[in-house]
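Asks: build me a structure from this.
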Amino acid sequence: MGILNVTPDSFSDGGQFIDVPIAMARAQEMIRDGAEIIDVGGESTRPGAEEVSVAEEMRRVLPVIKRLRAETKAVISIDTQKVEVAQAALESGAQIVNDIAANREDDAMWQLVAKMGAGYVAMHMQGTPQTMQANPHYADVVAEVNEFFRERLTRMAAAGVSPEQIALDVGIGFGKKLEHNLQLLAGLRQFTQQGRPLLLGVSRKSFMKTLLGLEVDDRLSAALACTVDAVGQGTNIIRTHDVAETTRAIRMAEAIQQRR
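Replies: Numbers count the residues shown, from 1 in each chain. The predicted model follows:
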């Protein structure tokens, strides 16, 4: 899954791809490099990020999604918390809703996903982007995130979403301290018990600075280490800014696993 942020303020690539032709060129590059899914986001979800309006988010993402649908065969994902944006994106050609706010209390997003037959990525987050890093606390982060997934799968089924539509994301960096992130990465295999594909997003995330002192542009090698280990634990989808390097790392790891 290649990340395409059409935002002015994302933490690592904000402002780079806000023009449609530039965004399309970036998407085509990621597809050539091996991306099978393009994840289009119009609202930054970095810690402390301000919300944008429904209208502004649509203005950013819909032209890109329509062009992607017309000009590529890639699977298109919309990275949004807003039901209205998700609906407009699905109607414009997206096939997956990547929802950081799967901790939501209302069922409207899931009812939309059920109605449209879309894929859905349910991500764990403690709090909101505005509050999530204030003081995240867990007694047992792996057990608590696993329980969250069990409860969400039950609720989504009640809303009409088939299990086959759902992938799970432990939400690295979303309401987690360094130790929580490391425990989740070490315990990814435990989440396969849910019987759904696992998605992992570690690309350029700040826990690598906390652990290794790495600035944003220097975090690729650390992300690839996480990626290879995650694939070995059964992770199915890797969400990344660095598609070419990540694809090569995954293919190498898969080749070794097949011989094993």
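
Asks: how about the helices in the chain?
Replies: Taking DSSP state H to define them, one finds helices in the chain at 20-32, 54-71, 83-91, 108-116, 141-158, 178-186, 207-212, 220-232, 243-259.

Asks: select, out of these, the one closest to Leu200.
Replies: helix 220-232 (4.8 Å; Cβ to Cβ). The C-beta positions use only the backbone N, C-alpha and C, and glycine is treated the same way.

Asks: looking at the helices of the chain, which is nearest to Ala102?
Replies: Here helix 141-158 is closest among the helices of the chain (Cβ to Cβ), at 5.7 Å.

Asks: ok, and what's touching the closest one?
Replies: Helix 141-158 has contacts (Cβ atoms under 8 Å, 6 or more residues apart in numbering) with 102-103, 107, 110, 113, 120, 122, 124, 138, 163, 166, 168, 170-171, 176, 180, 183-184, 187, 190-191, 193-194, 196.

Asks: of those, which belong to strands?
Replies: Tyr120, Ala122, Ile166, Leu168 (DSSP state E).

Asks: output those as JSON lines; include the columns distance to Leu153.
Replies: Output for those, formatted as JSON lines (distance: Cβ to Cβ, whole Å):
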{"residue": "Tyr120", "distance to Leu153": "11"}
{"residue": "Ala122", "distance to Leu153": "8"}
{"residue": "Ile166", "distance to Leu153": "7"}
{"residue": "Leu168", "distance to Leu153": "8"}
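
Asks: want to throw the helices of the chain into TSV with mean pLDDT, distance to Thr7 and mean neighbour count?
Replies: Converted to TSV, the helices of the chain look like this (pLDDT from 0 to 100; distance: least, Cβ to Cβ, whole Å; neighbours: other Cβ atoms under 10 Å):
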stretch	mean pLDDT	distance to Thr7	mean neighbour count
helix 20-32	95	11	17
helix 54-71	96	7	18
helix 83-91	98	13	21
helix 108-116	98	20	19
helix 141-158	98	26	16
helix 178-186	97	23	18
helix 207-212	96	21	17
helix 220-232	97	20	19
helix 243-259	95	19	15
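
Asks: nearest to Asp39, out of these?
Replies: Of all the helices of the chain, it is helix 20-32 that lies closest to Asp39, at 9.8 Å by Cβ to Cβ.

Asks: what is the burial count for Asp217?
Replies: If you count neighbours by other Cβ atoms under 10 Å, Asp217 ends up with 8.

Asks: how near is it to Leu224?
Replies: Distance, Asp217 to Leu224, using Cβ to Cβ, to the nearest Å: 14 Å.

Asks: residue contacts, the closest residue in space to Thr247 that isn't next to it in sequence?
Replies: Distances taken as Cβ to Cβ, 6 or more residues apart in numbering put Gly34 closest to Thr247, at 3.4 Å, once the chain neighbours are dropped. Listed by Cβ under 8 Å, 6+ apart, the contact partners of Gly34 are Val243, Ala244, Thr246, Thr247.

Asks: tell me the one among those nearest to Pro63.
Replies: For those, the nearest to Pro63 is Val243 (21.9 Å; Cβ to Cβ).

Asks: nice, that's everything, thank you.
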